[in-house]
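Trainee: got a sequence here, can you model it:
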Amino acid sequence: MITLNGRAVDDANGLSLAELLARENYVISIIAVACNQEVVPRAKYNCTQLADGDVIDVVRMVAGG
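Mentor: Numbers count the residues shown, from 1 in each chain. Predicted coordinates for the structure are as follows:
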């Protein structure tokens, strides 16, 4: 099980970060992602494999003031 923005996700072990983000319908160009409190560069989303216990935080960019 991994945790995605505070929500348990049981079937994500072995997925790449890119696969999880696509499955969850995130728009890659407007988000930043941390895995276990470390920012993951977009170029590494495909090669970052998720494992049991990982904590993923996704932040969406918002324009405005």
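
Trainee: next one, pLDDT for the closest residue to residue 18 other than its chain neighbours please.
Mentor: Nearest residue to residue 18, sequence neighbours excluded (CB to CB, 6 or more residues apart in numbering): residue 45, at 4.1 Å. Backbone N, C-alpha and C define where each C-beta goes, glycine included. Looking at residue 45, its pLDDT stands at 98.

Trainee: for residue 45, grab phi and psi.
Mentor: Main-chain dihedrals, residue 45, degrees, to the nearest 10: phi -60, psi -40.

Trainee: touching, it and residue 16? I think so.
Mentor: Yes - counting by CB atoms under 8 Å, residue 45 touches residue 16, with 6.9 Å between them.

Trainee: what about residue 7, how many residues close to it?
Mentor: Look at residue 7: counted by other CB atoms under 10 Å, it has 9 neighbours.

Trainee: beta partners for it?
Mentor: Beta-bridge pairing of residue 7 under DSSP bridges involves residue 4.

Trainee: where's it relative to residue 35, distance?
Mentor: To residue 35, residue 7 is 15 Å away according to CB to CB, to the nearest Å.

Trainee: now swap in residue 18 and tell me
Mentor: 12 Å.

Trainee: do a quick rundown of the strands in this protein.
Mentor: In the chain, the strands defined using DSSP state E lie at 2-4, 7-9, 31-35, 38-39, 55-60.

Trainee: what's the last one packed up against?
Mentor: Taking 3 or more CB pairs under 8 Å, 6 or more residues apart in numbering; DSSP states H and E as the contact definition, the neighbouring helices and strands of strand 55-60 are strand 2-4, helix 17-23, strand 31-35.

Trainee: give me that answer again for 7 Å
Mentor: Here strand 55-60 touches strand 2-4, strand 31-35, going by 3 or more CB pairs under 7 Å, 6 or more residues apart in numbering; DSSP states H and E.

Trainee: in CSV, list these along with distance to residue 63.
Mentor: Formatted as CSV, the helices and strands packed on strand 55-60 follow (distance: least, CB to CB, whole Å):
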stretch, distance to residue 63
strand 2-4, 24
strand 31-35, 14
